[in-house]
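>>> pasting the sequence and the predicted coordinates here, then a few questions.
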Amino acid sequence: MKRFYKETAVDLGDGGHRILLDGKPMRTPAKTVLAVPTRALAEAIAAEWGEVPDKADINVSHLPLTRLAATGHDRVTTQRTRVIEDTAKYAGSDMLCYRASEPETLVKRQRETWQPLLDWAAGRYGARLVVVEGLAFVDQPADAVARLHEAVAAHSDLGLSALYNLTHISGSLVVALAVAEGHLSAADAFAAAQLDEIYQIERWGEDPIAAKRHAGIRHDIDASARFLALLAEQRLKG
């Protein structure tokens, strides 16, 4: 589908701030009016559409904020419990808990990058996760898993859309929650999530396929982090 509109705008209507294309409210694939709780997020979504070149094809990969908002409306609202469970289950197998035993340079980097995040989760949520060497599965304390589940469930439908995306991409619920809470930047989240891969690239170099994959991961983390930050702006202001 090519660009079919001339102007984008934002207004305040039923349900929140709406994104307008030539004065008409944008709708999700499920035909729901796309409304978000903060003007900052609505303006950012409108800007995505405004940046589509005239008569160019509309590429959804260039509209990550729109996609996250639409997913929140169409999927999370109808499957909220499932999305919470699919996100919270990462508490039982969080990537940050599985450490290398060698080489020492990697062990040190994992410890210095990942352990402060686990310590933050323990202090913020009372969820102390167990760390092990190797990939053998370890059962995490039930109370820690339950408290991280509560932290996930506290998010709005739109927030869950981005939180699930971040968790899935990074392999770490702790990383995703740290970004959502403003404790971790998108750049640091990427560095934590891709620590092992970055370490290998530093040693052996990066091939074009891996470079493209890393660029995609960085793009998705950046978009999810930005979405959550914009969602946290003052609600329904003007």
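Cool, the structure landed. Numbering: from 1, shown residues only.
>>> alpha carbons only for contacts and neighbour counts from here, please
OK.
>>> so which strand or helix has the most centrally placed residue in the chain?
In the chain, the C-alpha nearest the mean C-alpha coordinate belongs to residue 166, at 3.0 Å (C-alpha atoms, centre = their mean). Per DSSP states H and E: residue 166 is located in helix 157-170.
>>> buried set for that helix?
Neighbour-count burial for helix 157-170, counted by 16 or more other C-alpha atoms under 10 Å, picks out 157-167, 169-170.
>>> same thing with stretch 181-192?
184, 185, 186, 189, 190, 191, 192.
>>> do stretch 144-159 as well
So for stretch 144-159, counting by 16+ other C-alpha under 10 Å, buried means 144, 145, 146, 147, 148, 149, 152, 153, 157, 158, 159.
>>> gap between that stretch and the chain center?
From the chain centre to the centre of stretch 144-159 is a distance of 14 Å (C-alpha atoms, centre = their mean, to the nearest Å).
>>> heads up, I number from 53, so please use that
Got it, first residue is 53 now, which makes that one stretch 196-211.
>>> can you tell me what sits against it?
By C-alpha atoms under 8 Å, 6 or more residues apart in numbering, the surrounding residues in contact with stretch 196-211 are 120-121, 123-125, 128-129, 132, 136-137, 139-141, 143-144, 177-181, 212, 215, 229, 280, 283.
>>> stretch 106-122 now?
53-56, 80-81, 86, 88, 96-97, 100-101, 104, 210, 213-214, 272, 275-276, 279.
>>> check stretch 243-252 too.
158, 162, 165, 166, 222, 223, 224, 227.
>>> and the helix or strand the first one falls within, what's buried?
In this case it means residue 158. Using DSSP H and E, residue 158 falls within helix 156-177. Across helix 156-177, burial judged by 16+ other C-alpha under 10 Å covers 158, 162, 163, 165, 166, 169, 170, 172, 173, 174.
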